[in-house]
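[1] Need the 3D shape of this:
(one chain, ligands or ions: 1)
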Amino acid sequence: MWVCTTCGNRIDHSQTICDNCGTNQAGERQADVIPAVLGRHVHPRRGLAYFILTVAATLSGAGCVGSVFMALGALIATNWPVALVLAPLCFVVSAAMTIVFLRVRDWRPPEETARPPSRWKQTGRAFVA
Ligand SMILES: [Zn+2]
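    Alright, predicted model coming up:
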């Protein structure tokens, strides 16, 4: 049994790295090991909302393309209010909705954002000016 110098976790001698924070017995963070506290929430949770938002983003993206064709059709038919006002409005609204759907879909609470382990080695030496 050894005690982790970083988090105080008690670890069996069969393990060389603390499975809670990724620190080895010398007190150094192993760069290639993603500690459990950081890796816990890394796996994405893709529930029903993820699926719905993906469909919604695809539909509003299609609406974006559709409004371009609507504008072209209105131009050919010389329907100026639709070609110059309604179609550009539809395009902007569809584009904004696509961005919002994708941003909401990929958003995670700050504490669940995965951070890679620090590249700085812990020396264990006290800071001396
Ligand atoms: Zn630890």
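
[2] Past the lowest-mean-pLDDT helix or strand in the chain, which element shows up next along the chain?
    The helix or strand of the chain with the lowest confidence, counting by mean pLDDT, DSSP states H and E, is helix 36-39 at a mean of 61. Using DSSP states H and E, the next helix or strand after helix 36-39 towards the C-terminus is helix 48-76.

[3] So which elements touch that next one?
    Using 3 or more CB pairs under 8 Å, 6 or more residues apart in numbering; DSSP states H and E, the elements in contact with helix 48-76 are helix 87-106. Where C-beta positions appear, they are placed from N, C-alpha and C, glycine not excepted.

[4] tilt between the helix it packs on and helix 48-76?
    170 degrees (axes from the mean of the first three to the mean of the last three CA atoms, to 10 degrees).

[5] residues touching Arg105, list them.
    Neighbour list for Arg105: 49-50, 53-54, 57 [criterion: CB atoms under 8 Å, 6 or more residues apart in numbering].

[6] so which of those comes closest to the ion?
    In terms of CB to the ion, no member of these lies closer to the ion than Tyr50, at 32.7 Å.

[7] Kindly reformat the contacts of Arg105 as CSV containing distance to the ion, neighbour count and pLDDT.
    As requested, the contacts of Arg105 are arranged in CSV below (distance: CB to the ion, whole Å; neighbours: other CB atoms under 10 Å; pLDDT from 0 to 100):
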residue, distance to the ion, neighbour count, pLDDT
Ala49, 34, 11, 88
Tyr50, 33, 14, 89
Leu53, 37, 18, 93
Thr54, 38, 14, 94
Ala57, 41, 19, 96
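
[8] For the residues you listed, give me JSON lines that also has distance to Arg29.
    Conversion of these to JSON lines gives the following (distance: CB to CB, whole Å):
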{"residue": "Ala49", "distance to Arg29": "35"}
{"residue": "Tyr50", "distance to Arg29": "33"}
{"residue": "Leu53", "distance to Arg29": "36"}
{"residue": "Thr54", "distance to Arg29": "37"}
{"residue": "Ala57", "distance to Arg29": "38"}
